[in-house]
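after the sequence you'll find the predicted model.
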Amino acid sequence: MKLQKASSFALYAVIELAANPAHQLAGTEIAEKYGISAHHLAKVLRDLGRAGIVDAVRGVGGGYKLAVNPKRLTLLDVIQIFEPVGPQSTANGDPEIATDAGGALRTVLDELDDHTLATFRSITISTMLKLMARKPWANAVRAARPARRAASNR
Amino acid sequence: MKSGAVSKKPGALRIRPAVRSDMQALIALDEEITGFAKRKYWNETFSRHRARPRSPRFLLVAEDNGSIEGFIIGEVRAWEFGEPPCGWIFAVQVRPKTRLKGVGTQLFEVLCDAFRRTGVTKVRTIMARDNHLVLSFFRSQGMMAGPFIELETALDGANAKERLHEAAKS
């Protein structure tokens, strides 16, 4: 699955702020680190501020800081500010949902959405920082390399 | 685990294998958390998982000044679902008023140490998707989705649910 840009930018910002609790970070610092639009990130940070997740500190040396406990802030808390997550309401009247095939397809898609929801809801920003420290994806890449070579030798 | 595996961390909290005299407190703690007193389940669990030399089954409790504040149940199982031996965690609970003090983490770490001593390199568990609290706990310990997908279907038959509840109470 793919997150909308705003959700990804928000997560990058929140993770950076959680990783640097003693400092206020400017939006431009975060944007530069991730190579993303500072203008877009500024809008995202405003939304996070309105949601009570970050505080803006004005003036010289100002910036943003996290306003909540990263052990209690989940990925879902952040993402659902910017996009819907989980099983979508069927009340919007799509006529095909009323068919047997539509109902069966909806059941399968809801199963996937339920897993997505449970995953986002169970991972806190604090857990993300631990995950970043462990870098499990580095092992996954190393493990995948021989398999790709073997496949290309066929 | 050798039957005497105990947390080495300082302080009043002690992680140790459960003994028969803990069972009343364990059943009461489980009932406080889940709302069900599963006496038969707990007696069977104790019989299966009580500490024995070289046993791959573990029932550990967190004891704080004589009070049982949490427990964890695990076992090394081989070739379940076609997989080589690995540690399975079946349950972990901490008394609500004792949470956020690292008790669950200590239980988890001591159980993982016990698993390591048996030579396994992986630990697994299965969780209800809506059990956000315990799911978040396992995530915070570094656990990620494994290679399995759990599937189920309803079995036809009247009163199956009622019979299960009756069996749990006995």
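That came through, no problem.

from memory A:Asp47 sits against A:Ala10, does it?
Yes - taking C-beta atoms under 8 Å as the definition, A:Asp47 is a contact partner of A:Ala10 at 7.3 Å. C-beta here means a position set from N, CA and C on the backbone, and glycine is covered the same way.

per-residue pLDDT, B:Lys161?
What the model reports as pLDDT for B:Lys161 is 65.

do the same with B:Glu166
Per-residue pLDDT puts B:Glu166 at 68.

what about the helices in chain B?
B:23-34, B:39-49, B:103-118, B:132-140, B:160-169 (DSSP state H).

taking helix B:103-118 as reference, get the angle to the lengthiest strand in chain B.
Secondary structure assigned by DSSP state E gives strand B:67-77 as the longest strand of chain B. Calculated by axes from the mean of the first three to the mean of the last three C-alpha atoms, to 10 degrees, strand B:67-77 forms an angle of 30 degrees with helix B:103-118.

run the chain-centre distance for strand B:67-77.
4 Å (C-alpha atoms, centre = their mean, to the nearest Å).

run a quick neighbour tally on B:Ala62.
27 (other C-beta atoms under 10 Å in any protein chain shown).

who does the closest residue to it other than its chain neighbours form a beta bridge with?
On the basis of C-beta to C-beta, 6 or more residues apart in numbering or on different chains, the spatially nearest residue to B:Ala62 that is not a chain neighbour turns out to be B:Gly70, at 4.0 Å. Here B:Gly70 sits in beta bridges with B:Ala62, B:Val94, as judged by DSSP bridges.

OK, contacts around B:Gly70?
By C-beta atoms under 8 Å, 6 or more residues apart in numbering or on different chains, the contact list for B:Gly70 reads B:29, B:61-62, B:92-95, B:98, B:103-104, B:107.

chain A: which of these is nearest?
In terms of C-beta to the nearest C-beta, no member of those lies closer to chain A than B:Gly104, at 12.9 Å.

state the distance from the closest one to B:Ala91.
Separation of B:Gly104 from B:Ala91 (C-beta to C-beta, to the nearest Å): 11 Å.

look at those two and report which has more neighbours.
The neighbour comparison of B:Gly104 against B:Ala91 (other C-beta under 10 Å) goes to B:Gly104, with 24 against 14.

grab the nearest non-local neighbour of that one.
B:Val94 (4.9 Å).

so which residues on chain A come close to chain B?
A:71, A:74, A:114-115, A:117-119, A:121-124, A:126-127, A:130-131, A:134, A:136 (C-beta under 8 Å from any C-beta of the partner chain).

can you list the weak-confidence ranges in chain B?
Along chain B, segments meeting pLDDT under 70 span B:1-11, B:158-170.

so which bits of it are right by chain A?
Residues of chain B lying near chain A (C-beta under 8 Å from any C-beta): B:129-130, B:132, B:135-136, B:138-140, B:142, B:144-145.

give me that answer again for 7 Å
B:129, B:132, B:135-136, B:139-140, B:142 (C-beta under 7 Å from any C-beta of the partner chain).

circling back to that earlier point, select only the buried ones of the residues of chain A next to chain B in PyMOL?
Per 16 or more other C-beta atoms under 10 Å in any protein chain shown, the buried members of the residues of chain A next to chain B correspond to this PyMOL selection:
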select buried, chain A and resi 74+117+118+119+121+122+123+124+126+127+131
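
the residues of chain A next to chain B in helices, which ones?
Using DSSP H, these in helices are A:114-115, A:117-119, A:121-122, A:126-127, A:130-131, A:134, A:136.

so which of those residues sits lowest on pLDDT?
Confidence-wise, A:Pro136 trails the rest of those, at 81.

for A:Glu32, see how far away that one is.
Using C-beta to C-beta, one gets 27 Å for the distance from A:Pro136 to A:Glu32.
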